[in-house]
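Chemist: coords please:
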Amino acid sequence: MRVVVQRVSKAKVTIDKKVIGKIGRGLVILLGVSEDDTSEDAQFLADKCVNLRIFNDDKGKMNLSALDIGGEILSISQFTLYGDCRKGRRPSFIKAARPERGKELYDRFNEILRESRLKIETGEFGGMMDVDIYNEGPVTIIIDSKH
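Modeler: Predicted structure coming up:
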């Protein structure tokens, strides 16, 4: 599994001009699932995301997590994170999980996030979404569960 985590002041996701998820200060997590990912990968990344110390403390140092600040999370499935662009000009998505498996692990990832008791909003798996992200800092971190 792979996540792109962005520290945000606010974010929302819309489908057909209807807001389906909206958060204030916290994290936007873009989640990609590969063909060989498991529930353990979902557990590892969900735990890593909620505990990632990328929010500033009172001295301006990135020392606080989403849990520490009572942040909110917007979780978006994004299979394109496994796009391989090394050959040709069109990405290959052969390493991305099939939709059924991707949805299963995306749902599991979100279940684990909800155990944190933070406000968790989501996009729609497989949906054509518009995501408005107000990246704070900017701070963007990429984490792979396999490395």
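Chemist: Please identify the buried residues of the lengthiest helix in the chain?
Modeler: For the chain, the helix with the greatest residue count under DSSP state H is helix 99-114. By neighbour count on 16 or more other Cβ atoms under 10 Å, the buried set for helix 99-114 is 102, 104-106, 108-110, 112-113. Backbone N, C-alpha and C define where each C-beta goes, glycine included.
Chemist: who does that helix touch, helix- and strand-wise?
Modeler: helix 39-51, strand 72-77, strand 119-122 (3 or more Cβ pairs under 8 Å, 6 or more residues apart in numbering; DSSP states H and E).
Chemist: which SS class is the most centrally placed residue in the chain?
Modeler: Taking Cα atoms, centre = their mean as the criterion, I29 is the residue nearest the geometric centre of the chain, at 1.8 Å. Of the three states, I29 takes strand under DSSP: H, G, I helix; E, B strand; the rest coil.
Chemist: ok, G83 to T122 distance?
Modeler: Distance of G83 to T122, given as Cβ to Cβ, to the nearest Å: 22 Å.
Chemist: Settle it for me: which of those two has more neighbours?
Modeler: The neighbour comparison of G83 against T122 (other Cβ atoms under 10 Å) goes to T122, with 21 against 15.
Chemist: quick one: contacts for the closest residue to that one other than its chain neighbours?
Modeler: In space, and not counting its chain neighbours, T122 is closest to S75: 4.9 Å by Cβ to Cβ, 6 or more residues apart in numbering. Applying Cβ atoms under 8 Å, 6 or more residues apart in numbering, we find S75 in contact with 29, 31, 106, 109-110, 113, 120-123.
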